[in-house]
Each structure stands twice: as structure tokens, then as C-alpha cells.
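Asks: Provided below are the primary sequence and the corresponding predicted coordinates.
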Amino acid sequence: MKQDIFEGDWKKLKGEVRKQWGKLTDDHLERINGSREKLVGEIQKHYGIAREEAARQVREWERAHKKAA
């Protein structure tokens with residue numbers, strides 16, 4: 001997903017992000033505010049995984065949601 005599309009659809013995507021990464025709270029999602037890099041960072045921090053792994057998870061999630069759209 002292109003960054004601008006990710007940011008533009010953030011309000012619609014927030015619920016799906018919460019389903020995928022349940023440790024992220026509404027406060028986290030507000031801080032992320034559609035930024036892919038911030039999402040990767042929050043996933044990394046809250047799930048205790050490497051940044052590369054968090055980025056991989058986000059890419060897979062984006063691909064799955066792009067097909068569903």
C-alpha cells in the first residue's frame with residue numbers, strides 16, 4: 001500500500017489494525033495516525049520483535065487488505 005493511501009484510509013483501517021495487533025490501544029492508534037513507520041515501531045515495541053519482522057508483518061497485512069479492497 002502506498003503511504004498516502006495508508007494515511008488516507010486510516011480511519012477505516014484502524015479497526016482492522018486492532019484486530020491484527022490487539023495489544024495496540026486506541027491511544028496508540030491515535031499517535032500512529034496513519035503513519036506506516038509509526039505502526040511498525042509500535043508493533044516492534046509492544047510485541048518485542050525486530051523492526052524487520054514488524055515491517056514484514058505490516059507488508060503482509062497490507063497485501064491481504066489490498067486484495068480484500
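Replies: That came in fine, so what should we check first?
Asks: Now the residue nearest the centre of the chain: which helix or strand?
Replies: For the chain, residue 39 is the residue whose C-alpha lies nearest the centre (CA atoms, centre = their mean; 4.5 Å). Remark: residue 39 resides in helix 36-47, with elements defined by DSSP states H and E.
Asks: how far is that helix from where the chain is centred?
Replies: Here helix 36-47 is found 8 Å from its chain centre; the criterion is CA atoms, centre = their mean, to the nearest Å.
Asks: right, and the helix or strand after it?
Replies: Next along the chain after helix 36-47, taking DSSP H and E as the criterion, comes helix 51-68.
Asks: For that next one, which outside residues touch it?
Replies: For helix 51-68, the surrounding residues in contact (CB atoms under 8 Å, 6 or more residues apart in numbering) are 1, 6, 13, 16-17, 20, 36, 39-41, 43-44, 47, 49. The way it works is simple: take the backbone N, C-alpha and C, and place the C-beta from them, glycine included.
Asks: Show the average pLDDT along that helix.
Replies: Rounded to a whole number, the mean pLDDT of helix 51-68 is 89.
Asks: give me the number of residues near the closest residue to residue 46 other than its chain neighbours?
Replies: Spatial nearest neighbour of residue 46, chain neighbours left out: residue 23 (4.4 Å); criterion: CB to CB, 6 or more residues apart in numbering. One way to gauge burial is a neighbour count; for residue 23, by other CB atoms under 10 Å, it gives 11.
Asks: hang on, residue 23 packs against residue 45?
Replies: No. Using CB atoms under 8 Å, residue 23 makes no contact with residue 45, being 9.5 Å away.
Asks: and residue 34, which of the three is it?
Replies: Reducing the assignment at residue 34 to three states with DSSP: H, G, I helix; E, B strand; the rest coil gives coil.
Asks: what does residue 22 give?
Replies: The three-state assignment at residue 22 reads coil, by three-state DSSP.
Asks: Can you report how many residues lie near it?
Replies: Using other CB under 10 Å, the number of residues around residue 22 comes to 9.
Asks: quick one, phi psi at it?
Replies: With angles defined as degrees, to the nearest 10, residue 22 sits at phi -60, psi -20.
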